[in-house]
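J.: Pasted the sequence and its predicted model underneath.
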Amino acid sequence: MLGHRPMNVNDYLHILQRRIWALAVPVFVLPVIAILVARVLPKRYTATTTVLVGQQRIQESLIQPVSPDEMNQRLATIQQQIESRPNMQAIIDRYGLFAKDRYKVPIEDLEDNLTKQIEIAPIQALPGSNYRGLPGFSISFTAGSAELAQKICTDITNMFIQGNTKLRQVTSEDTTEFLQKQLADAKASLDSQDARLAQFKERYSGQLPDETQTNLSILQSLSTQLSAVMADLNRAQQDRAFTETLLEQQLAAIQSTTDNPTDLDTLQKELAEAEARLTDLQSKYTDDHPDVKKAKHDVQVLKDEISAANQRAQENPAPKATPSRAVTSPQIQQLRAQIHQYDETIKEKSAEQKHLQDQSAAYQARVNMSPLVEQEYKEITRDYQNALDFYNGLLTKKSQSSMATDLERQEGSEQFQVVDPAELPQRPTFPKKSLFAAGGLAGGLALGVGLVIVLEMSDKSLRCEQDVEVLLRIPMLAQMPLIDTGPGKSFQRGPSAPERNELNLRA
């Protein structure tokens, strides 16, 4: 009886001794039954092909692959394409699979069953290797015939190889076509930005940011030229006014000449020289300079002398000079020529001054507009640069994609290589007698242990004093051995101590 008290090793050994047949029978019978079942079950054969992923024959630094996706993802895509219903139905029809169930089971269920017989297992790279990606994979197919498993496995392998080549080519060609369309759109956008930039440069010619320093230099040069022209103009105007004054004085002197016209002419000539000298000194020195004061004094003395001479001439009138004399006077002609020359100079300098002022205003306007023009110019050039960078990037990608497409067509890229073709299976993969025998042994052992536990749990016998003490909860005082001395019985050796305990308890 189990469960009523703690058990020790001797108790378990006694149980094993009593129930040895309950444990031994399942352990020996179930493996035999499993082996017989394995002989009866239909055999299944598995053919396996090992495929390695061949690397691209041209360095990837020269030509980047168009489809650098993970091999696991590509395998999953190709597997989905191969396991599509048209391909599965074509294999079923080609080899006459599921002939018994063809008209009993829906074709979809048969295709699903065929799909379950295909197994794709990736091959992992060795630890510590520098290999990137998946080095290869294996394709297995299980069928009821060894020849059938080999043929279908070979067909599926060929479908994988062809599917990989087609998938890479289609991906590469689609990528190239897409990049070609994108490149055309980028070219149109770049042309639009280029035309916009050209129009802006034409519109703001001379006001662009890179011309600002040039405009400032030209404006400074124009300012210097304008100052020089204005100085020349002022000097010409002063000289003309001075010469005109001399001319008027000469004309007045000629008209008022008396008996001593020669002296008056001399005074007029000296006055002109003195005033010219005064003007020259005033251009160099201030009015407080001694030379300037002396020159002013000389001019004033000459003016007083001329004024006195004129007064004397009025008091003593003389025959007036004829106009022809005044006109033909060399001094008058020289003064008038100088005035004419000064007029031409003033006219020329005035025109030059206006031209320089107009140019200065234009360049000043350019300088004032530079900040606004620079802001708009930056926006336009930024858009143009972005469009140019995008176009150049697409052009590079398109060139790489075209080379990769040509490489795919020449099968120079990554390809599947069969290194271990499917061979004819020599032994079935199911059922395996060793596995069935091991399973039967494990099942028999579990069944035997369970049967022993059930028998012991249902047995209420008391076999030792510990069982009595636990059940009755009183200590044992004595025990009597069982001796059978009935008629026809010879004296036998008494039972062992455990047997005596059991007999005493049963008594």
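T.: Received it, and whenever you're ready, just let me know what you need.
J.: So what are the structural domains in the protein, by residue number?
T.: Using automatic domain parsing, the domain parsing of the chain gives 211-393, 462-507.
J.: ranking those domains by mean pLDDT, which is last?
T.: Of all the domains of the chain, the minimum mean pLDDT falls on domain 462-507 (a mean of 57).
J.: Where do the helices of the stretch 251-400 of the chain begin and end?
T.: Applying DSSP state H, counting those that start in this stretch to the stretch 251-400 of the chain gives helices spanning 261-284, 290-315, 323-327, 330-409.
J.: Out of those helices, which gets nearest to Ile78?
T.: helix 330-409 (15.3 Å; C-beta to C-beta). (Glycine included, C-beta is placed from N, CA and C.)
J.: for the next helix-or-strand element following the closest one, packing partners?
T.: As assigned by DSSP states H and E, the chain's next helix or strand after helix 330-409 is strand 415-420. Identification of packing neighbours for strand 415-420 by 3 or more C-beta pairs under 8 Å, 6 or more residues apart in numbering; DSSP states H and E yields strand 45-54, helix 146-203.
J.: how about those in CSV, adding mean pLDDT and distance to Gln282?
T.: As requested, the helices and strands packed on strand 415-420 are exported to CSV (pLDDT from 0 to 100; distance: least, C-beta to C-beta, whole Å):
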stretch, mean pLDDT, distance to Gln282
strand 45-54, 86, 103
helix 146-203, 86, 52
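J.: Please name the nearest non-neighbouring residue to Leu335.
T.: Nearest non-adjacent residue to Leu335, counting by C-beta to C-beta, 6 or more residues apart in numbering: Leu247, 4.2 Å away.
J.: That neighbour falls within a strand, correct?
T.: No - looking at Leu247 with DSSP: H, G, I helix; E, B strand; the rest coil, it is helix, so not inside a strand.
J.: Let me know the secondary structure of Gln426.
T.: coil.
J.: Once you drop chain neighbours, what's closest to it?
T.: Gln426 sits nearest to Ala146 (C-beta to C-beta, 6+ apart), 7.7 Å away.
J.: Is it correct that the one you found is in contact with Pro425?
T.: Yes - taking contacts as C-beta atoms under 8 Å, Ala146 lies within contact range of Pro425: 4.5 Å.
J.: So for these two, which residues contact both of them?
T.: Residues within reach of Ala146 and of Pro425 at once, by C-beta atoms under 8 Å, 6 or more residues apart in numbering, are Tyr45, Ala47.
J.: can you list the helices of the stretch 251-400 of the chain in CSV and add distance to Leu219?
T.: Shown next, in CSV, are the helices of the stretch 251-400 of the chain (distance: least, C-beta to C-beta, whole Å):
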stretch, distance to Leu219
helix 261-284, 29
helix 290-315, 38
helix 323-327, 49
helix 330-409, 4
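J.: Turn those helices into CSV, including distance to Phe436 and mean neighbour count.
T.: Below are the helices of the stretch 251-400 of the chain laid out as CSV (distance: least, C-beta to C-beta, whole Å; neighbours: other C-beta atoms under 10 Å):
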stretch, distance to Phe436, mean neighbour count
helix 261-284, 133, 16
helix 290-315, 140, 15
helix 323-327, 152, 12
helix 330-409, 50, 15
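J.: Spell out for me which residue occupies the centre of this structure.
T.: Gly393 (11.1 Å; C-alpha atoms, centre = their mean).
J.: is it true that Lys32 touches Gly440?
T.: You called it Lys, but residue 32 is Val. Yes - counting by C-beta under 8 Å, Val32 does reach Gly440; the two are 7.2 Å apart.
J.: These two: who's more crowded?
T.: Using other C-beta atoms under 10 Å as the criterion, Val32 and Gly440 rank with Gly440 on top: 23 against 12.
J.: Need phi/psi at Pro42.
T.: In terms of degrees, to the nearest 10, the main-chain angles of Pro42 are phi -70, psi 140.
J.: Spatially, which residue comes closest to it, not counting chain neighbours?
T.: Computed as C-beta to C-beta, 6+ apart, the closest residue to Pro42 that is not its neighbour in sequence is Gly144, at 6.1 Å.
J.: where's that neighbour relative to Phe98, distance?
T.: Between Gly144 and Phe98 the computed distance is 10 Å (C-beta to C-beta, to the nearest Å).
J.: So which of those two has more stuff around it?
T.: For Gly144 versus Phe98, neighbours defined as other C-beta under 10 Å are more numerous around Phe98 (17 against 13).
J.: hang on, the earlier thing: gap between the residue nearest to the centre of the chain and Leu179?
T.: Applying C-beta to C-beta, the value for Gly393 to Leu179 is 10 Å.
J.: again with Ala276
T.: Distance, Ala276 to Leu179, using C-beta to C-beta: 87 Å.
J.: Then Asp101?
T.: Per C-beta to C-beta, Asp101 is found 50 Å from Leu179.
J.: same check, this time on Leu219
T.: 51 Å.
J.: The two: which has the busier surroundings?
T.: Leu179 (21 against 18).
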